[in-house]
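>>> Curious how this folds, go ahead:
(chains A, B, C and D)
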There are 4 protein chains.
Amino acid sequence: MIIVLRPGTTDAELEDLIGRIRSLGLDVDVSRGVKRTVVGVIGEEDKVRVMPLAAIPCVEQVMPVLKPYTLASLEFHPEPSRAAVGGVSIGGGAPFVVIAGPCAVETPEQLRGTALAVWRAGAAALRGGAFKPRTSPYSFQGLGEEGLRLLRAIGDELGMPVVTEVMDTRQVELVDKYADMLQVGARNMQNYTLLTEVGRVGKPVLLKRGMSATVKELLMSAEYILSQGNRQVVLCERGVRSFEDSVRNVLDLSAIPNIKGTSHLPVVVDPSHATGRWDLVAPMARAALAAGADGVMVEVHEHPEEALCDGPQALLPKRFAEMMGDLRRLADALGRGLAKPTRLPVSQHQNL
Amino acid sequence: MIIVLRPGTTDAELEDLIGRIRSLGLDVDVSRGVKRTVVGVIGEEDKVRVMPLAAIPCVEQVMPVLKPYTLASLEFHPEPSRAAVGGVSIGGGAPFVVIAGPCAVETPEQLRGTALAVWRAGAAALRGGAFKPRTSPYSFQGLGEEGLRLLRAIGDELGMPVVTEVMDTRQVELVDKYADMLQVGARNMQNYTLLTEVGRVGKPVLLKRGMSATVKELLMSAEYILSQGNRQVVLCERGVRSFEDSVRNVLDLSAIPNIKGTSHLPVVVDPSHATGRWDLVAPMARAALAAGADGVMVEVHEHPEEALCDGPQALLPKRFAEMMGDLRRLADALGRGLAKPTRLPVSQHQNL
Amino acid sequence: MIIVLRPGTTDAELEDLIGRIRSLGLDVDVSRGVKRTVVGVIGEEDKVRVMPLAAIPCVEQVMPVLKPYTLASLEFHPEPSRAAVGGVSIGGGAPFVVIAGPCAVETPEQLRGTALAVWRAGAAALRGGAFKPRTSPYSFQGLGEEGLRLLRAIGDELGMPVVTEVMDTRQVELVDKYADMLQVGARNMQNYTLLTEVGRVGKPVLLKRGMSATVKELLMSAEYILSQGNRQVVLCERGVRSFEDSVRNVLDLSAIPNIKGTSHLPVVVDPSHATGRWDLVAPMARAALAAGADGVMVEVHEHPEEALCDGPQALLPKRFAEMMGDLRRLADALGRGLAKPTRLPVSQHQNL
Amino acid sequence: MIIVLRPGTTDAELEDLIGRIRSLGLDVDVSRGVKRTVVGVIGEEDKVRVMPLAAIPCVEQVMPVLKPYTLASLEFHPEPSRAAVGGVSIGGGAPFVVIAGPCAVETPEQLRGTALAVWRAGAAALRGGAFKPRTSPYSFQGLGEEGLRLLRAIGDELGMPVVTEVMDTRQVELVDKYADMLQVGARNMQNYTLLTEVGRVGKPVLLKRGMSATVKELLMSAEYILSQGNRQVVLCERGVRSFEDSVRNVLDLSAIPNIKGTSHLPVVVDPSHATGRWDLVAPMARAALAAGADGVMVEVHEHPEEALCDGPQALLPKRFAEMMGDLRRLADALGRGLAKPTRLPVSQHQNL
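Alright, predicted model coming up:
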């Protein structure tokens, strides 16, 4: 940590500052420049981070030298890490994973139809919301446990691992019972009590970036989960808030290489929620793959105009299948390939 | 609701659309323009809001005519509403309320010293965090119930109602036991399960605007609370995320008259968290008053350089007292005046 | 255009509004809903756009039905348009174009070295700034006409068309003399006098998106150029301002399919200025290609640590060559291919 | 300047870096921490600022210690500076200045009516646009020189100095001939050739903050003007772009004390363009005064529903007069008072 002092700082003020730092068991290096004196802190930066140095009157600026996250960092874990979602691997050089399904589980028929369609087109995992965070209290809020049960059943039938959202600490145990991966939504990225609870679960967590969260804040939220002992965190870029009003959010694909330059955690992209428009989903999924993402999560609905949630961003099954074809060609050109569902016995395939 | 059709929409498509709308018990008005045909929906807009019209291929644009919130709107409740926080009123033309105190309750001595200082300077209510949402899992997370107990005790002693944050649905009952007003933080503004729970409590709720929430979204979150039966919601502007890097957030003071033009709910401002800099707090508190806010919430610490949380934004007691003098003069010039703590017997005052 | 009236609007107010609209030669369609009366304007929306209807007291909301741009729209020109930059085509299904070169022309040696490197790696066009918009008045401002001369000479030698920025109306004639394509920078996207001047030139214009410009505003700026008679406008996505502080701007790749859904104009991407970091340039260039862009513009420098401008975002020649290899494989997989310089006689190639 | 090296930097790399810095005549201070080595540069930071240190492979981070502006800084000029606009002073403790008038000069009658109204209500200076930057090429673009002539005439008649925008370097001489203060609009804040030209003029410049400019960038643009010899620059906060869609921009009033803590330049606020809504103008003008601004610039129109430009944000004369009353009371409570037009002989007043 570097501390820049205001012009006119007295020796007594400097001594007092040094005393505070030394009291934490750290050492200092004082450098007197032409216009400013600068104090460098030597030792564990974390110790001094908790001290509100910027509140000391003689301090003009405090500049951290190190990143505030540890377990999420490449320095802690220099190899890309990998999460095991049911039998499907995400990250660490594994094939590109397509997670697909409806925004919300609505009915057994709707879920089954969509699940079969995405499975046929080659999706490796199934998504679907049973607890839905909705802007309006008057909107459909999800089927709850019944939705989880339906998801689990069709996932087992097709051999697809299942990803679904948990919105509240009181739901963690229930969702853990049914899902292969627990999703923490963008609106809960800084719900620290929820992060702590999913950090105690033995399943991988899909952590979505908050609508106005920096990459650093996303990694700090991952750190909450990691620090509880759960080492399987997959980050999800899903667009950030901006002034642009023709898309829901601006998908920040630079976050993919940006995160991979500082963290070992896998990164997937959700082009459906990011853009809010089905016509932008396939190009953004292709771009995510080309930018180095470990996977995408895409919403599909057989009748978007009747969807209970986010219809305008859902792909029709035939457009999803076209997108899968494009992704397969690109993944091959890039020397990767697409992940496949892994747990279904071949014999069963033929009955569907 | 207005539905704009794409050029080339067939009569069959139009008939299908009209059929869907009529199936909800609503009527339509079709207007054929030179370049576009437009369908107006007549009847309860809420009914059609749940239908994903934008997902229908012939639909180019869907434009809602009405606001999506009802209970929070001026049309529902044309007079400004008022919340009763202990004996202090916020909103509805009541005097300007200053809520002050430390960011976090740290020790009995720290809390008592700060509380006395803000009480002497004329603050009407006391704030202090017992559960702290921190970006880092390694930072001080608050004293929990012990903090709540300390807050309650000093609040009772000084006759100041007490405001404190609740971060999780499992804490609602506990916080309700100690606090006069429950605060929902910016990071939880769209934690809908939490909103639902605080909507079932008999105490007023201070709902902070999310870091990237629109005014409309803030009102929709208030609607969650109101729709559960709790009609005492106070909104809190606390700055929005932007590219500006010399302040923590950009305080959106235009939200005050903006909200008051569409909703009856009281609005207070938190200049401390908004700016993150103590030197900007007093000017922004004055500006909030001049812009028509119902109050401010300000952080104070006797030793900001030792604060366990957000020291750089805390005012020293003497600067807080100066700010109170300025606010008093302005409030008088505007014909309002400042609220005072109301429940303390005069005899007790003299012992402090 | 749809006009929503406030509740309580009188018949006289409605009549007055209708009279104003009819005075423009337009007709109206009045639809009385349960909660609001809505007036639809029938006829040329452009005529009524100039009238500040929202300033009329009985008007609650004005909702345009049509896009405000005409010449830039797909409705006006349903096929993708193509610009001819020297002998290289951009857009309209032409092969993917890589424009590369230094941020600024610094010296004859620097320019020549970089130009040869990017030409060898397969770039189709050469970029280089002679007039540089710099945040600080004390920074290097470019070589001016001498820079243009150097660019022209090396471009001619290698058969690469030349792209360079024009910052001021007084420079248009000069830049037009030397360049094959005139670039209008992000900071000048709404410099309307400059847009008007480059609209009178017979060369294609590369129009960069402003740092906080919406897609609609970018298209309106293109409309300025198009409306002066210059029909060769290429749009350039180069990142938008956001709160994210680990990259210079957030590259909005969704703008590519977003623009292509509404406009016929070609779109290229500048990953160098967008991110400000060389390590993010290649992944973002690949993503741009996969998302459907017509080209990219990339900065290269042989000694980034000595560059007079934007060194940290410049690729070394060998990294640029690697990126070209990746782009070639992806372009092939997508059935496109990369554009090549077209005007150089083969005999000359062998002397370089 | 502080340079943080990557872990694993070799001694040779460090020596090379030190050599580069010493070659600029500067000295270094090397501090080896537990996890990182840090190099402090001693001497004129400006010299090293031009070197792209971040492009050197062993450099992890470059942290400037000093502000990049000099002439605009409080360190260069510790007292608040003051601009003389005709006979009206702005800044440096002078009374609060209200600049008012129409968005655009439309007709002699419109200008005269509005000018008289704002003069009667106590405005100190007159604004009005003759060259209008419009988003659409099809919108009214201003009267040009005829508009300037009309402004000058009515300003002379009423004794009000005149403020008007200059959009292009080729207009500077003309606008200088008529105006008392030259306005550079938000869209031109980084039009560096224009800044350079207005820096050579002997009149004060009103520099509006760009829609997505940081405070630091605004001060850097002021530095361009100051560095050409023109020392009368007045900064204008006019809102910044954000995701909030119910106002045009978010007015950043914290910029007022923020700028005043780092620069001597006067700051005025434009609540009309910031919000785009007349109903928010008066509260924001009051807030600007309370926050410490040196003045406001407000748009007024007698018939907003017929305005050729920005009608929805124009105040009616009677609402403007009410706002002036409020501002007067607040300015008195704050011990300031409002500036008055100064050059009109009393005898003339009576004829109006």
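>>> Mind jotting down where the helices sit in the stretch 1-150 of chain A?
A:11-22, A:45-49, A:108-121, A:145-158 (DSSP state H, counting those that start in this stretch).
>>> out of the ones you listed, nearest to residue C:237?
Among the helices of the stretch 1-150 of chain A, the nearest to residue C:237 by C-beta to C-beta is helix A:108-121 (29.9 Å). (Glycine included, C-beta is placed from N, CA and C.)
>>> And chain A, split by domain according to the record?
Recorded structural domains for chain A (assignment: automatic domain parsing) are A:2-63, A:83-349.
>>> just to revisit the earlier point, and of the helices of the stretch 1-150 of chain A, who's closest to chain C?
helix A:45-49 (17.8 Å; C-beta to the nearest C-beta).
>>> Can you pull the residues of chain A lying near chain D?
Applying C-beta under 8 Å from any C-beta of the partner chain, we find that chain A lies next to chain D at A:2, A:4, A:7, A:29, A:31-36, A:38, A:40-45, A:61, A:63, A:65-66, A:75, A:241-243, A:245.
>>> average pLDDT across stretch A:122-140?
The pLDDT scores in stretch A:122-140 average 93.
>>> Put the alpha carbons of that stretch into PDB.
Extracted C-alpha coordinates of stretch A:122-140, given in PDB (Å, rounded to 0.1, in the frame of the first residue of the first chain):
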ATOM      1  CA  GLY A 122     -26.600 -30.600 -28.100                       C
ATOM      2  CA  ALA A 123     -26.900 -28.500 -24.900                       C
ATOM      3  CA  ALA A 124     -24.900 -30.000 -22.100                       C
ATOM      4  CA  ALA A 125     -26.800 -28.700 -19.100                       C
ATOM      5  CA  LEU A 126     -30.400 -27.600 -18.400                       C
ATOM      6  CA  ARG A 127     -31.400 -24.300 -16.800                       C
ATOM      7  CA  GLY A 128     -34.800 -23.200 -15.500                       C
ATOM      8  CA  GLY A 129     -36.000 -20.900 -12.700                       C
ATOM      9  CA  ALA A 130     -38.200 -22.100  -9.900                       C
ATOM     10  CA  PHE A 131     -37.700 -19.000  -7.800                       C
ATOM     11  CA  LYS A 132     -37.900 -15.900 -10.000                       C
ATOM     12  CA  PRO A 133     -36.700 -12.400  -8.900                       C
ATOM     13  CA  ARG A 134     -39.300 -10.200 -10.600                       C
ATOM     14  CA  THR A 135     -39.300  -6.400 -10.700                       C
ATOM     15  CA  SER A 136     -43.000  -6.300 -10.000                       C
ATOM     16  CA  PRO A 137     -44.700  -8.000  -7.000                       C
ATOM     17  CA  TYR A 138     -47.600  -8.700  -9.300                       C
ATOM     18  CA  SER A 139     -45.600 -10.800 -11.800                       C
ATOM     19  CA  PHE A 140     -45.300 -14.600 -11.800                       C
END
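>>> which residues does residue A:278 contact?
By C-beta atoms under 8 Å, 6 or more residues apart in numbering or on different chains, the residues touching residue A:278 are A:272, A:304, A:312, A:313, A:314, A:315, A:316, A:319, B:55.
>>> returning to what we had before: distance to chain B and mean neighbour count added to the helices of the stretch 1-150 of chain A, as TSV?
Shown next, in TSV, are these (distance: least, C-beta to the nearest C-beta, whole Å; neighbours: other C-beta atoms under 10 Å in any protein chain shown):
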stretch	distance to chain B	mean neighbour count
helix A:11-22	8	14
helix A:45-49	7	17
helix A:108-121	13	20
helix A:145-158	15	20
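>>> any idea how far residue A:74 lies from residue D:32?
22 Å (C-beta to C-beta, to the nearest Å).
>>> The two: which has the busier surroundings?
Using other C-beta atoms under 10 Å in any protein chain shown as the criterion, residue A:74 and residue D:32 rank with residue A:74 on top: 16 against 12.
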